[in-house]
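# Sequence first, predicted model second:
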Amino acid sequence: MPFGPPQIFPPVPINEPGAPGSNAAPVTSPGTGSSFFQPSQPEEVLETGSGEVSFESGIVSSQFTGSPSAALALGTEKDAPLEPITYSPPINFASPNVSVAPAPAPAFNPATLALTLYLNGGNYNAGTGTWTGTPSAGSSGAHNGSSSGTNPIAGAPLNGIQTVSFDGLTEYLLTGLPLSAFITAAAFSGWALINCTGASNYSPDYYNNPCIFCDITQGYFNIGVRRASAVPGPAAFQGVTTNANAEAAMSGSTWQLLQWYYDGIDLWVRTNSGTWTSQASTNVSNVTFDLVIGVNYTGGLFYNGLIASLGLSNIAFSQATFDNIRMGLNAQWGLSL
């Protein structure tokens, strides 16, 4: 029905505590509140305390004193009956206590860095032996792993993402590019997220152990694994140049994040969030030979295990940046290394 001129009704007691016939509990916390809303279907009056109600052109305005326990919900008829009910829990209109947790910060994305190689297991095609590079702020989007003729296979997924499985016998990949496309003689950084299931050799000579990265035929740049002793046991991570041998302990048959960098003075390595260790080093002697993945310089000692992610850069990243990389990879792969 259409509404006539605004009508103001006198104050109406609404279930005031202590009034005759009232079933409302006494109110102990003072407060004030107001609400303005378009009426809909006739509903119940919801209030403890006292107040007054007016209708103006179909808009309901309620002014409260005392401690209101809920908003008024009134019908469209201006003479709709007011039926008081007690409602719980109370709603504080004057100062609602609402706490909203901030959204979590997004995980660090290594692709924001200037990477020369960035390989993620989900981008490996076992049928062709092509490991497509992930684009970054550097040249990594144009650098891939390619078939050697004896290619690794698709590995078990990690956090729903495919990994790459190397058999430790014959499987490795080429890049078709010299070391100079990935590192400089005076600076480099990198990481390998791996699950090494076995190390086939123990040699004090860094180039005579299975490698994750190596320059073929020469071994001027070697990132690899070896047994911690001459007898089978946990592997040790070996990250080296021709002129230094820096190692960090690594557990076998579990996921480990290996990180390394060379700043022109020292070669630094670590595992997971562990302590960085270093060895003084001169520059890499030669960066003209091709980089390969999964085998040492002789082509006879092969990496054995899974690889989820590989990264290289021709910049010496800070240790804080490596912490960000670690946290980003943990988020991507569902780890807590």
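That came through, no problem.

# can we go C-alpha only for contacts and neighbour counts from here?
Will do.

# any low-confidence regions in the stretch 101-250 of the chain?
101, 103, 199-200, 229-243 (pLDDT under 70).

# ok, which stretches of this protein are helices?
319-333 (DSSP state H).

# Let me see the domain layout of it.
Annotated domains of the chain cover 1-98, 113-333 [automatic domain parsing].

# Look at the closest residue to residue 136 other than its chain neighbours and say how many residues are nearby.
Among residues not flanking residue 136 along the chain, residue 111 sits closest, at 4.1 Å (C-alpha to C-alpha, 6 or more residues apart in numbering). Using other C-alpha atoms under 10 Å, residue 111 has 17 neighbouring residues.

# State the distance from residue 111 to residue 158.
20 Å (C-alpha to C-alpha, to the nearest Å).

# Please apply the same query to residue 193.
From residue 193 to residue 158 the distance is 11 Å (C-alpha to C-alpha).

# and for these two, which residues touch both?
Residues touching both residue 193 and residue 158 by C-alpha atoms under 8 Å, 6 or more residues apart in numbering: residue 308.

# Can you point out the buried residues in stretch 189-198?
189-198 (16 or more other C-alpha atoms under 10 Å).

# Correction: the previous question concerned stretch 117-131.
117-126, 129-131.

# Okay, strands next: where are they in the stretch 201-337 of the chain?
Remark: strands assigned in the stretch 201-337 of the chain by DSSP state E, counting those that start in this stretch are 211-215, 221-227, 235-241, 244-249, 255-262, 266-271, 277-280, 290-293, 304-313.

# looking at those strands, which is closest to residue 327?
Ranking these by their distance to residue 327 (criterion: C-alpha to C-alpha) puts strand 255-262 first, at 10.7 Å.

# Which neighbouring elements make contact with that closest one?
strand 188-198, strand 266-271 (3 or more C-alpha pairs under 8 Å, 6 or more residues apart in numbering; DSSP states H and E).

# Let me have these in TSV, extended by distance to residue 312.
Output for the helices and strands packed on strand 255-262, formatted as TSV (distance: least, C-alpha to C-alpha, whole Å):
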stretch	distance to residue 312
strand 188-198	4
strand 266-271	14
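
# Ok, which of these comes nearest residue 321?
strand 188-198 (10.6 Å).

# helices and strands around the closest one, which ones?
With 3+ C-alpha pairs under 8 Å, 6+ apart as the test, strand 188-198 has strand 255-262, strand 304-313 packed against it.

# contacting residues around that strand?
168, 183, 235, 252-263, 303-317.

# Show me which of the residues you listed are buried.
Counted by 16+ other C-alpha under 10 Å, those give 168, 183, 235, 252, 255-263, 303-317 as buried.

# Give me the number of neighbouring residues for residue 324.
15.

# Would you mind measuring from it to residue 261?
15 Å.

# How about the contacts made by residue 169?
Contacts of residue 169 (C-alpha under 8 Å, 6+ apart): 301-304.

# And for residue 306?
155, 163-166, 194-197.

# Swap in 6 Å and give it another go.
Residue 306 sits next to 164-165, 194-195 when contact means C-alpha atoms under 6 Å, 6 or more residues apart in numbering.
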